[in-house]
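Novice: My questions are about this predicted structure, shown below with the sequence.
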Amino acid sequence: MRAVVQRVSRAKVTVGQLTTGQIGIGLLVLLGVGQQDTEQDCIYLAEKIAGLRIFEDEYGKMNRSVQDVGGSVLAVSQFTLYGDVRRGKRPSFDDAAPPEPARRLYESFVERIRAAGLRCQTGRFQEMMQVELVNEGPVTILLDSTKTF
């Protein structure tokens, strides 16, 4: 699994004219599921993101997690994180998981974030969405459950 994690002061996702998820201070997580991903990948990323210390403490150091600051998570599925353009200019999505296994792991990720005691809003799986955010810092972290980066 891959995630782009952004520290935000606010973020929201809409489908058409309907807002499906909206948060204030917290993390926007764009989540991609790969062909080989399992529940173990989901567990790893959910635990890593829930405890990721990218919020500033009273000394201006990144020492606090989203849990520590009372923030929320907005989780948005994004299969294009598995887009491969090494062989040309049009992305190949061969490494992305098919819709049903991807949906299962995305929903499991959301459940695990909520089980960690975090408020978690979502987009809509397999829908065209518009994502708006104010990235604080800016702080953006790339995560991969295989620890590729």
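Specialist: Received, thanks. Nothing here was measured: the structure is a model prediction, and the numbers come from that model.

Novice: Which elements pack onto the longest helix along the chain?
Specialist: In the chain, with assignment by DSSP state H, the single longest helix is helix 99-115. For helix 99-115, the packing partners by 3 or more C-beta pairs under 8 Å, 6 or more residues apart in numbering; DSSP states H and E come out as helix 39-51, strand 72-77, strand 119-122. Quick note: C-beta positions are derived from backbone N, CA and C, even for glycine.

Novice: any idea how far the nearest residue to residue 14 once chain neighbours are set aside lies from residue 81?
Specialist: Leaving aside its chain neighbours, residue 14 sits nearest to residue 130 (4.9 Å; criterion: C-beta to C-beta, 6 or more residues apart in numbering). With distances taken as C-beta to C-beta, to the nearest Å, residue 130 is found 18 Å from residue 81.

Novice: Between those two, which has more neighbouring residues?
Specialist: residue 81 (20 against 12; other C-beta atoms under 10 Å).

Novice: Could you look up the SS state of the more buried one?
Specialist: Classification of residue 81 by DSSP: H, G, I helix; E, B strand; the rest coil places it in helix.

Novice: contacting residues for the most centrally placed residue in the chain?
Specialist: Closest residue to the average C-alpha location of the chain: residue 29 at 2.0 Å, with C-alpha atoms, centre = their mean. Counting by C-beta atoms under 8 Å, 6 or more residues apart in numbering, residue 29 touches 3-6, 49, 73-76.
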